[in-house]
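> coords please:
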Amino acid sequence: MNMNNVVLAITGASGAVYAVRLLEVLVAAGNHVHLSISPAAQIVLKQELDLTVDLHNFSADSLLLNLDDAGDSRLQMMRSMAGISSDHSSVLASGSGDAGRITYHHYQDLMAPVASGSFLTAGMVICPCSGSTLGAVVHGTGENLIHRAADVHLKERRKLILVPRETPLSIVQLDNMKRAAEAGAVVLPASPGFYHGVKSIRDLVDFIVGRICDQLGVANTLMHRWGT
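Residues are numbered from 1 along each chain as shown. The predicted structure follows:
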């Protein structure tokens, strides 16, 4: 299969479930995902999804959620309702055929392919996008691979999708979002709709993931579309 390169950066805002579900969907759709995770995101993944991710010795298996191994905790309930990576949906598992694959890049590795405009991609998503990441991207003050890759997508006029999850928003954040849009980025807040027959957390998560996929041109049936 001829796969698209898609860059996915996970940063330290709340909403890690969106990132994990998006990763699943992109890989299952046959994309080659270039993944980078910030230290703050590592903390959020542990806090919100009880996932332990080693940024220095990363394994895609660390983002798999084996629902049968967890107990009756609140985290387990949320993960189950969100429908991410059960034994019946391990689209990241090795040897999964058309599921594609993941290339991990350490957030400090400025020699990674995605740091150069000569490396072609179908787009980049920062999900969730923290306020500090947004500010670094907008003002060109980045110091890591995530910021550099975002800058590359802006300068190359490629799709850059920022998924903030913050409320309320300060004037500074609103101004940064405006600047990001003016620079060519798509600002896609993690604000799910409720008009598509919501029955679970997964429906809300999939609404946002589906909208991100729409921006990337990744065909999906993750939500019931208006008027259909």
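> quick one: least confident helix or strand in this protein?
Ranked by mean pLDDT, DSSP states H and E, the weakest helix or strand in the chain is helix 74-82, scoring a mean of 53.
> contact partners of the helix ranked longest in the chain?
When the chain is parsed with DSSP state H, its longest helix is helix 201-216. Here helix 201-216 makes contact (C-beta atoms under 8 Å, 6 or more residues apart in numbering) with 6, 17-18, 21-22, 25-26, 29, 78, 81-84, 122-123, 125, 127, 159, 161, 163, 186, 188, 190-193, 196-198, 219-220, 222-223. In short, each C-beta sits where N, CA and C put it, glycine included.
> likewise stretch 153-170?
Here stretch 153-170 makes contact (C-beta under 8 Å, 6+ apart) with 7, 13-15, 18, 117, 121-131, 134, 137, 150, 152, 173, 177, 180, 183-190, 208, 212, 215-216.
> now that stretch: buried residues?
153-154, 156, 158-166 (16 or more other C-beta atoms under 10 Å).
> tell me the mean pLDDT for that stretch?
Average pLDDT, stretch 153-170: 97.
> can you tell me the closest non-neighbouring residue to residue 163?
Excluding its sequence neighbours, the residue lying closest to residue 163 (C-beta to C-beta, 6 or more residues apart in numbering) is residue 127, at 4.0 Å.
> what sits against the one you found?
8-10, 15, 18-19, 22, 161, 163, 190, 212 are the contacts of residue 127 under C-beta under 8 Å, 6+ apart.
> could you identify which of these has the most neighbours?
In terms of neighbours by other C-beta atoms under 10 Å, the contacts of residue 127 top out with residue 10 at 31 neighbours.
> list the contacts of that residue.
Neighbours of residue 10 in contact, by C-beta under 8 Å, 6+ apart: 16, 19, 35-38, 41, 45, 126-128.
> all strands of this protein, in order?
Assigned by DSSP state E, the chain shows strands spanning 5-10, 32-37, 101-104, 123-129, 160-164, 186-187.
> the helices in this protein, which residues?
Applying DSSP H to the chain gives helices spanning 16-28, 39-49, 74-82, 131-139, 145-155, 171-183, 201-216.
> other SSEs contacting the fourth one?
Read it as helix 131-139. Contact analysis of helix 131-139 by 3 or more C-beta pairs under 8 Å, 6 or more residues apart in numbering; DSSP states H and E lists helix 145-155, strand 160-164, helix 171-183 as its packing neighbours.
> could you do the second one as well?
Helix 39-49 is packed against helix 16-28, helix 74-82, with contacts defined by 3+ C-beta pairs under 8 Å, 6+ apart.
> with distance to residue 59 as added columns, please give the strands of the chain in a markdown table.
Conversion of these to a markdown table gives the following (distance: least, C-beta to C-beta, whole Å):
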| stretch | distance to residue 59 |
| --- | --- |
| strand 5-10 | 15 |
| strand 32-37 | 11 |
| strand 101-104 | 9 |
| strand 123-129 | 20 |
| strand 160-164 | 24 |
| strand 186-187 | 31 |
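> still on that earlier bit, now, which of the buried residues of stretch 153-170 sits nearest residue 228?
residue 161 (23.5 Å; C-beta to C-beta).
> hey, what's the closest one bridged with?
Residue 161 forms beta bridges with residue 125, residue 186, as assigned by DSSP bridges.
> okay, now the nearest residue to residue 226 once chain neighbours are set aside: neighbour count?
Distances taken as C-beta to C-beta, 6+ apart place residue 195 nearest to residue 226, at 6.7 Å, with adjacent residues excluded. Burial of residue 195 is recorded as 10 neighbouring residues (other C-beta under 10 Å).
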